[in-house]
Structures are given as structure tokens and as C-alpha cells.
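Asker: need coordinates for the following:
(one chain, ligands or ions: 2)
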Amino acid sequence: MTKAETNRPLIRLEGLKKVFYTDEVETHALAGVHLDINQGDYVAIAGPSGCGKSTLLSIVGLLDSPTEGAYLLHEKPVQQLKASQRARIRNLEIGFIFQSFNLIGDLTVYENVELPLTYRKGVGRTERKQRVMQSLDRVAMTHRAKHYPSQLSGGQQQRVAVARALVGAPSILLADEPTGNLDSKNGEAVMDLMRELHQGGATICMVTHDPRFARYAERTIHLFDGRIVEEETGNGIETARGERGKPIAPEPAPGERS
Ligand code: ADP
Ligand code: MG
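Answerer: Ligands and ions are numbered 1, 2, ... in the order given. Now for the predicted structure:
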């Protein structure tokens, strides 16, 4: 990545709308979301149940498409791409962490973390092994590589899920209520891990229902009825006006990350 690229948003959402149609009922899950996420940002998305948090994260993670609006990743529109191209971008650029861990039960910890790399061309067995063990090391789970998910605690499973999300060196880590199924001690451990990853340069976008955990982020976006109604940063609270303001988060230092 060149220096010029690091000065532009990694992700830009413009007037994003999402309508779900079911049994003659229209649900406006997103009603015009504008958001920039810069490289190195740690953004929390907060708001009441049903306000569109998961829908927003699914669209950013290319698991779903908006009904209207634009999504630019590295300044390129992504919503018009074919399913296979979207899958490829998802594999290369996006790491996803879910509330319910979503590990595959009949694969070992090692195999779960390896899985995203097996879909990549040109990553051989030796490199895979090196990257899997590095990822497991980052979440302190190398000693459980041969275990199965059912043999682990929830906190350990979520750490493995974080390793799986990291193994492909994605541009952005997306987490949908990653602490939602954990007790407070394990929840804090996962949040500490995310903070560490952010301090190491990772870009993170996390949905959370818990204001204690939103504080780990440097920006908190408050959604209500599918709109951003407020953004909190270290500098205070801004009320959204339905148009994009200047990016508030500091730019990453040039050359800081490869
Ligand atoms: P949150 O994650 O903030 O709880 P969601 O993004 O899951 O909210 O949902 C936003 C709204 O869209 C809710 O009213 C929800 O019922 C609706 N919704 C979400 N997914 C679907 C779907 N696949 N089909 C129909 N309605 C949906
Ligand atoms: Mg949700």
C-alpha cells in the first residue's frame, strides 16, 4: 500500500439503505448511513436491538448487499461485483468474529484457523502452518492446536475465532457482539486482545451492546432506526446531520504499517 492510499478512507459508506421485504412487510433496517473508516481506526457500533447494527456489519463484511447507496473499499465500489469476486475480496480483506464463535465442530483448532488460507491460491502448506501458528500465538492458544472446539471454554473458542479472523492478514476485523456469549471475565479478555490488536495496527469495527466495551474503541457510532444519530470520539460527542463530516480519527503515521 502506498502512502497516498493510507490518507484515504479504507471504507466509505454513502447513503447506505437496506430494506428487507417479508410477507408484505417492509423493514427499513438501514435508512441512509454515511460512514468513513480509516486504516487503523477502532470503531464501535452501539444502539438498541433491531436498529440495524448487524445489517450494517454484514454489508461492510460483504455478506449482504445494500438496497441503495454506495460502498467503497479502498475507493473501489464493491456492490456491483459478482458473488465469486465478493467472496475473494472477503477472503483477502475481511476477518469476521461472531457472537456465537462459529467454529466448525469437527475440525481441530488448527484446522479451523487454517481454513481461510486453504481457499487462497499460492499459499503452500509450510506457509500455512507458519501463519496458523503465528495467529494462535497472538491469541495464546498454540497449546490447544489439536483440541476440538467442544473441548474449549467459550473464551478460548472466541480467541480461536479471533485467530481465524487474523490468519489471512485482513484489512479490517469485523466483530458482531464478540463478548455477547461470554461472562464478564472472558469478555474482558477478548476485549483486551482486540485492544492489543488495534495497538498493533489493526483496523477494527465492532458491534457491542455493552457501553463498558464500547469505551475500548476510539470512536463510537450510535445507530437508531437505521441511522447514525450520534458519534462519540475522544474529543466529545457529535450529533450526526445526515452528511459526512471530516474524519475525526487521526491518520495513521505514514510508513507505520507495511
Ligand atoms: P441489530 O443487530 O441492531 O439488532 P439487525 O441489523 O439485526 O439489528 O436488524 C435490523 C432490522 O432489520 C430489524 O427490524 C430486523 O428484524 C430486520 N432484519 C434483519 N435481518 C432481516 C432479514 N434477513 N429479513 C427480514 N428482516 C430482517
Ligand atoms: Mg445484531
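
Asker: show me where this protein has its strands.
Answerer: For the chain, the strands defined by DSSP state E cover 11-22, 25-37, 42-46, 68-73, 76-77, 94-97, 172-176, 204-207, 219-224, 227-233, 236-239.

Asker: mind checking how far residue 67 is from residue 122?
Answerer: Distance of residue 67 to residue 122, computed by Cβ to Cβ, to the nearest Å: 36 Å. Placement of C-beta: from N, CA and C, glycine included.

Asker: ok, those two, which is more surrounded?
Answerer: Using other Cβ atoms under 10 Å as the criterion, residue 67 and residue 122 rank with residue 67 on top: 14 against 5.

Asker: now that one. Nearest residue, chain neighbours left out?
Answerer: Spatially, and ignoring its direct neighbours in sequence, residue 67 is nearest to residue 19 (4.7 Å; Cβ to Cβ, 6 or more residues apart in numbering).

Asker: try residue 118
Answerer: Of all residues not flanking residue 118 in the chain, residue 128 sits nearest, at 7.3 Å (Cβ to Cβ, 6+ apart).

Asker: sketch out the low-pLDDT regions of this protein for me.
Answerer: Across the chain, residues meeting the criterion (pLDDT under 70) sit at 1-7, 235-237, 239-258.

Asker: can you name the residues of the stretch 51-200 of the chain that neighbour ligand 2?
Answerer: Contact residues, the stretch 51-200 of the chain versus ligand 2 (Cβ under 5 Å from the ion): 53-54.

Asker: so what's the residue of the stretch 51-200 of the chain found nearest ligand 2 up against?
Answerer: Using Cβ to the ion, the closest approach of the stretch 51-200 of the chain to ligand 2 is made by residue 54 at 3.2 Å. Contact analysis of residue 54 by Cβ atoms under 8 Å, 6 or more residues apart in numbering lists 176, 207.
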